[in-house]
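A.B. asks: return a 3D structure for these sequence lines:
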Amino acid sequence: MTKLTYKIVEHDGGWAYKVGGTYSETFPSHSDALQAAQIASSEQQIAGQTDGIEYEDATGKWHSELADGRDRPQTEVQDDSNA
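C.D. replies: Numbering: from 1, shown residues only. As a prediction, the model looks like this:
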């Protein structure tokens, strides 16, 4: 099972959450970023509908597959800041 970690980080003069190499929007306060990460983390775990998806990989090749809407990742929010 996939596990996603939402990390609270300083970003662009404010705060954001980061998943892998992707940052959220910048929030004015640490608590705003933490709250947004908790909401996003919770929503990521909600089952969806099974549907066909298409995506491009790192080499530029396109793939088509059936995504099981019940296959949701585990998530956690990590806050190592002293804010």
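
A.B. asks: confidence score at the residue in the chain sticking out farthest from the centre?
C.D. replies: Summary for the chain: using C-alpha atoms, centre = their mean, the residue whose C-alpha lies farthest from the chain's mean C-alpha position is Lys61, with a distance of 23.5 Å. Model confidence at Lys61, given as pLDDT, is 93.

A.B. asks: and Leu4, by the same measure?
C.D. replies: Here the pLDDT value assigned to Leu4 is 89.

A.B. asks: what comes up buried for the strand or helix carrying it?
C.D. replies: With secondary structure defined by DSSP states H and E, Leu4 is part of strand 3-11. Burial within strand 3-11, assessed by neighbour count using 16 or more other C-beta atoms under 10 Å, is assigned to 4, 6-9, 11. Using the backbone N, CA and C atoms, a C-beta is placed for each residue, glycine as well.

A.B. asks: same check, this time on stretch 17-28
C.D. replies: 17-19, 24, 27.

A.B. asks: can you give me how far it is from the chain middle?
C.D. replies: Taking C-alpha atoms, centre = their mean, to the nearest Å, one finds the center of stretch 17-28 at 8 Å from the center of the full chain.

A.B. asks: so what touches that stretch?
C.D. replies: For stretch 17-28, the surrounding residues in contact (C-beta atoms under 8 Å, 6 or more residues apart in numbering) are 4-9, 11-16, 33-34, 36-37, 40, 77.

A.B. asks: for it, measure first residue to last.
C.D. replies: Stretch 17-28 has an end-to-end distance of 12 Å (C-alpha to C-alpha, to the nearest Å).
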